[in-house]
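# Structure here, sequence nowhere to be found:
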């Protein structure tokens, strides 16, 4: 009987350790709102967006957040919203590839049927500089009266942890991992860009920079946490 009791205590402690080992790259409080601004290579504002933690649930060694993104153009016009999930389970953090969906591109098809198939982008708990991370993909198909009228594939490849750095923005100073990757968007033609993204535990993305053939195209900054 005593052996069963201590075995039970060990199992509880072990489950707790697994849960603690699972890093989460978004705020873990429902209602938290993150504000971001997008700029071009000449530091001119091109748009903005917010991310709100609509739901956050923790069950044993699993944590899940439902995140709503609302996008705006440079004049503040609402471009629409989307939702995606982020999850931490068994020491692996994952975010739905729908988070990389360009809401403005799909706004022209809002009256049509949209089908999406996506992978998750994974980040292990024991993240280290030099690590290579798994790829991710998102396939979007648009249908009108049952006929496929548009297809778009977004692929993220060559993901690598480049450095640990401190990044300061209007929202504060954050300890970040710098992750680089290649993003390719294919419709009737393909556009390929290189991205550097700085992420911080319990916050998410703090900064990102986009390049094309080594030339800076633009960047995004976290400007407020409410």
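Happy to help now that I have it. Everything numeric here is computed off the predicted structure, so don't read it as measured data.

# Output the below-cut-off pLDDT ranges for the protein.
1-21, 102-110 (pLDDT under 70).

# what ranges do the strands span in it?
33-40, 45-59, 62-73, 78-89, 92-96, 113-118, 120-124, 132-133, 136-144, 147-169, 172-186, 190-200, 204-212, 215-225 (DSSP state E).

# now the ones you listed in JSON lines, with distance to residue 25?
Where you see a C-beta, it was placed from the backbone N, CA and C, and this is true even at glycine. Formatted as JSON lines, those follow (distance: least, Cβ to Cβ, whole Å):
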{"stretch": "strand 33-40", "distance to residue 25": "11"}
{"stretch": "strand 45-59", "distance to residue 25": "12"}
{"stretch": "strand 62-73", "distance to residue 25": "10"}
{"stretch": "strand 78-89", "distance to residue 25": "7"}
{"stretch": "strand 92-96", "distance to residue 25": "6"}
{"stretch": "strand 113-118", "distance to residue 25": "17"}
{"stretch": "strand 120-124", "distance to residue 25": "7"}
{"stretch": "strand 132-133", "distance to residue 25": "12"}
{"stretch": "strand 136-144", "distance to residue 25": "14"}
{"stretch": "strand 147-169", "distance to residue 25": "13"}
{"stretch": "strand 172-186", "distance to residue 25": "9"}
{"stretch": "strand 190-200", "distance to residue 25": "5"}
{"stretch": "strand 204-212", "distance to residue 25": "5"}
{"stretch": "strand 215-225", "distance to residue 25": "12"}
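
# okay, those in a markdown table with distance to residue 22 and mean neighbour count next?
Shown next, in a markdown table, are the strands of the chain (distance: least, Cβ to Cβ, whole Å; neighbours: other Cβ atoms under 10 Å):
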| stretch | distance to residue 22 | mean neighbour count |
| --- | --- | --- |
| strand 33-40 | 20 | 18 |
| strand 45-59 | 10 | 16 |
| strand 62-73 | 7 | 18 |
| strand 78-89 | 4 | 16 |
| strand 92-96 | 7 | 20 |
| strand 113-118 | 21 | 13 |
| strand 120-124 | 10 | 19 |
| strand 132-133 | 16 | 13 |
| strand 136-144 | 19 | 17 |
| strand 147-169 | 17 | 15 |
| strand 172-186 | 15 | 17 |
| strand 190-200 | 15 | 17 |
| strand 204-212 | 15 | 19 |
| strand 215-225 | 21 | 16 |
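
# And those strands: which comes nearest residue 27?
strand 45-59 (5.6 Å; Cβ to Cβ).

# How about residue 197: which residues does it bridge to?
residue 179, residue 208 (DSSP bridges).

# Just to check, it is in contact with residue 205?
Yes - Residue 197 is within contact range of residue 205, at 5.9 Å (criterion: Cβ atoms under 8 Å).

# Now do the shared contacts for those two.
Any residue near both residue 197 and residue 205 by Cβ atoms under 8 Å, 6 or more residues apart in numbering counts here, and not one turns up.

# what sits against residue 128?
residue 161.

# what's the spacing between it and residue 48?
33 Å (Cβ to Cβ, to the nearest Å).

# before we move on, what about residue 177?
Taking Cβ to Cβ, one finds residue 177 at 24 Å from residue 48.

# and if you look at residue 157?
28 Å.

# before we move on, what about residue 130?
Distance from residue 130 to residue 48, by Cβ to Cβ: 34 Å.

# Thank you kindly, that will do.
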